[in-house]
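Peer 1: Quick check, what structure comes out for this input:
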Amino acid sequence: MTPYEAWYGDKPDISNFRILGCDCLALKPERKCKDLLDVKALPCKLLGFEGTLIYRLLTPDGHIILSSNVIFQEKRPHIAEVLKRHHEDKDSQMEGEKGPPAK
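Peer 2: The predicted model follows:
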């Protein structure tokens, strides 16, 4: 039981937690998108949090920006994919230990 659960009686909402360093897109405000074909999002890396829902981001040119309008591209593999890769790795190791077939 966490201290939050002991105090409030329910589990905390951690849905806004993100993986630090993950790729994300910071959406530009409409006033900065002057043309219909302008880029509407800037690729960034997540550095941290500023308050509750404002994210600190690193742009490709090295600037640090704050934005609350962010789309995250976290790579979270499904458990079935992880297990499949694990079993494939084990099988390949087992084949390597057996060596070539005897004649």
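
Peer 1: ok, now which ones touch the nearest residue to L47 once chain neighbours are set aside?
Peer 2: Of all residues not flanking L47 in the chain, R56 sits nearest, at 4.5 Å (CB to CB, 6 or more residues apart in numbering). In this view, the C-beta of every residue, glycine as well, is placed from N, C-alpha and C. Shown in contact with R56 (CB atoms under 8 Å, 6 or more residues apart in numbering): L46, L47, G48, F49, E50, I64, I65, L66.

Peer 1: is R56 in a bridge, and if so with what?
Peer 2: Judged by DSSP bridges, the bridge partners of R56 are G48, L66.

Peer 1: what's the lowest-pLDDT member of the contacts of R56?
Peer 2: On pLDDT alone, E50 ranks lowest of these, at 86.

Peer 1: Next up, the contacts around that residue.
Peer 2: Going by CB under 8 Å, 6+ apart, E50 touches R56, L66.

Peer 1: all strands of the chain, in order?
Peer 2: Per DSSP state E, the chain carries strands over the ranges 23-27, 41-50, 54-58, 64-67, 70-72.

Peer 1: Turn the ones you listed into a markdown table, including distance to A6.
Peer 2: Formatted as a markdown table, the strands of the chain follow (distance: least, CB to CB, whole Å):
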| stretch | distance to A6 |
| --- | --- |
| strand 23-27 | 34 |
| strand 41-50 | 24 |
| strand 54-58 | 29 |
| strand 64-67 | 33 |
| strand 70-72 | 31 |
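
Peer 1: what about C44, how many neighbours?
Peer 2: Look at C44: counted by other CB atoms under 10 Å, it has 22 neighbours.

Peer 1: What separation is there between it and G21?
Peer 2: Computed with CB to CB, to the nearest Å, the distance linking C44 and G21 is 11 Å.

Peer 1: Of the strands of the chain, which is nearest P3?
Peer 2: Among the strands of the chain, the nearest to P3 by CB to CB is strand 41-50 (19.9 Å).

Peer 1: buried set for the closest one?
Peer 2: For strand 41-50, a neighbour-count test (16 or more other CB atoms under 10 Å) marks L42, C44, L46 as buried.
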